[in-house]
Structures are given as C-alpha cells and as structure tokens.
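Asker: Compute the structure for the input listed below.
(one chain, ligands or ions: 1)
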Amino acid sequence: MERLVWLNGAFVPEAEAALPIRDLGLIYGEAVFDTARTFGGRLFMGAEHVDRLYRSLEAVRLPEPMPKAELLALTEELIARNARALRPGEDWWVTQRITAGLRPLDGEALEREGPTVLIECTPLPLRARARFFREGIPAALARRPRTPPEAVPPHAKTTNYLNMMLAQRELDETRPGAWAILPDMTGNLAEGAGCNVFFVRDGTVMTPADTVALPGVTRAVVIDLCRELKVPLRIGAVMPDEARAADEGFLTSTSLCLCPLRSFDDTAFPVPGPVTARLMAAFSKRVGFDFVAQYLAFDTGGAA
Ligand code: PMP
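Answerer: Sure, this is the predicted structure:
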C-alpha cells in the first residue's frame, strides 16, 4: 500500500506531496519539526513530542498553525491510515514539520497564506542501525562546537542541522565510523549528532544539562528511570576527560531508544555496560516493547 502524508489540510499519497519552491523552510530553514516513533505500530509519547514542537515554534517566533490536540489527532489518523503500509516487524518515525510558509513576492498575491504543515511516516532505519545493538556505537568528540544557546536555543528543534552535519563530516574524515559528539562553547560535552549522550562512572549516570542540548524525550524517560531505580544521576557539565574515564556510555534518541557506546575517542566500553543494560531493560518495560529484539531481527551480521 502507498504511504500517505498529511500536507496543508489533506491526506495525499507521499509521491504526490509537493511543496512550492518559495517555501521559507527551504529558502532560509525557517522551520521546526519533531519526530516521535511507534512501538508495534502505536505512537509513543505523542503528546510530549507535540509539546516540544510547540515550544520550538515559540522559541523561533513562528505562529501555531492549529491547536496541539488537533495536530496530535491528525498524527494518529495518519498512522492509522498508513497501517497497511507498515512492513511486518517494523515501525515508523512520525514527523511533524511546520515552516514559515511562502516567501512573499513583491506585488504578487501569495499562492497560499499561513504556515506549511506536513506530517509524515518514515520507516525506522532498523537495517542500517541493527549492528549498533550487537557491537555498540563508536563515538568521538568533534572539534566543532554545538551552536551556542545564545545564538539558537538548543531546546528548539529547528531544521538547522548543518552544525551537527558538519561535526559529523569532520569525524567522517578524521575517525571514519565514529558518531559525532559535539562540545559546547566551553569544551564540555553538549550532545551527539541527533541524540543525547550519557556516561556512567562508578555507578553514577552523567548527562549534560539541557541548556546546551535538546531536551530529548528519551533522555527525560531515562532520567525518570534512573530516579525510579535509584541509580545515582548527575545532570550538568560533563568534561571530555570524564567521559574518557567512564566505565560505560550510551546514546539516547527516539529511534535508538538507548544504544550502548562501544567507545569514546580511544576509550573502549563493554557493550552494554551493566548500568546501561539495566536501563535498557527498564526502558523496554516502560514502553512495553523489546526495541533491542526488533533491531536485532534486522541484523545481517555485517561488521561495522
Ligand atoms: N538531540 C538532537 C539534536 C536531536 O535531534 C535529537 C533527536 N530528536 C535528540 C537530541 C534526542 O531527542 P529525542 O530523544 O526526543 O529523540
């Protein structure tokens, strides 16, 4: 079955969904988005993702296109309409995108007023990332800092990912295969390219504050699980040398959930480390879905 998207008021086949070339999201990156995922076809923490999307709108001074509840209901409806397009054993990334709409042309009426609103379902990259759950993710510190909060607030999930892509490209050249972790402007860790970072030392879980990183929905769940399981937690500055001296580490994101690090720079970690394994199991229980088994079902056994 053909996948559908919701675009500016209608459900349309993805292949027929087109944006005008004058969309400000394309021209200036004047756009925000948020991405949730499904577990077994059901949306997880949809309301939290929509809340973050609306905080992103506020942070970049874009108007709300509709009430939150309406956007969430449309998102749920899209997932239901795409149910038969979901391949067996797989799940969706579910993304809402809102742009500033069309750029005015001097003396011409706009083709369409108001923001552009798109909701889309993308198959999760289960094949591409399966081996990370077998081998762990090699990570390294990029030289390029994360955009400072004074320039663009990190709690806004905007379409401006060039900062992280450039950090990743830098590492693609200097340390091929390593996932980029970006420092903040003071040199402490901020976040990974598209994910939050956690390290564990002497039983204490450490993660940078969300003043320098996106407040990840997965990160919030992990913080909650640490409190529930009484795992000591330190939220705040994590120095690169502390991360290099850690016993274990993991990344969090909507798609990865929690994924063990196998290294950070030249430090190797167990995959997964004991605290990471405990939190991964607790996360599976919380979401009622074995995300590791899902990834591993798509593992082709190829080396990293
Ligand atoms: N940081 C950045 C920059 C991201 O793009 C993401 C992915 N949304 C995350 C962290 C992780 O956030 P979440 O757990 O909500 O996916």
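
Asker: got the residue ranges for the helices in the chain?
Answerer: Ranges of helices in the chain, per DSSP state H, are 24-28, 46-59, 68-81, 126-135, 162-174, 217-229, 240-244, 274-287, 291-296.

Asker: Tell me which of those sits nearest to V197.
Answerer: When the helices of the chain are compared by C-beta to C-beta, helix 240-244 sits nearest V197, at 7.7 Å. In this view, the C-beta of every residue, glycine as well, is placed from N, C-alpha and C.

Asker: what residues does that closest one touch?
Answerer: Applying C-beta atoms under 8 Å, 6 or more residues apart in numbering, the set of residues contacting helix 240-244 from outside is 141, 181, 183, 187-189, 197, 199, 201, 206, 249, 264-267.

Asker: and which of those is nearest to the ligand?
Answerer: Lowest distance from the ligand to the contacts of helix 240-244 (C-beta to the nearest ligand atom) belongs to V197, with 8.9 Å.

Asker: give me every residue that touches that closest one.
Answerer: A139, I181, L189, E191, T207, P208, V238, A243, G249, L251, T252.

Asker: gap between the residue lying closest to M280 once chain neighbours are set aside and K285?
Answerer: Nearest residue to M280, sequence neighbours excluded (C-beta to C-beta, 6 or more residues apart in numbering): L258, at 4.8 Å. To K285, L258 is 12 Å away according to C-beta to C-beta, to the nearest Å.

Asker: Among those two, which residue is more densely surrounded?
Answerer: Set L258 next to K285 and count neighbours by other C-beta atoms under 10 Å: L258 wins out with 26 against 11.

Asker: quick one, what contacts that one?
Answerer: Counted by C-beta under 8 Å, 6+ apart, L258 has contacts F198, T218, V222, F250, L251, T252, T276, L279, M280, F283.

Asker: neighbour-wise, which of the residues you listed leads?
Answerer: Comparing those by number of neighbours (other C-beta under 10 Å), F250 comes first, having 31 neighbours.

Asker: Indicate whether stretch 209-226 makes contact with the ligand.
Answerer: Yes: with C-beta under 6 Å from any ligand atom as the criterion, the ligand is reached by stretch 209-226 at A213, L214, G216, V217, T218, R219.
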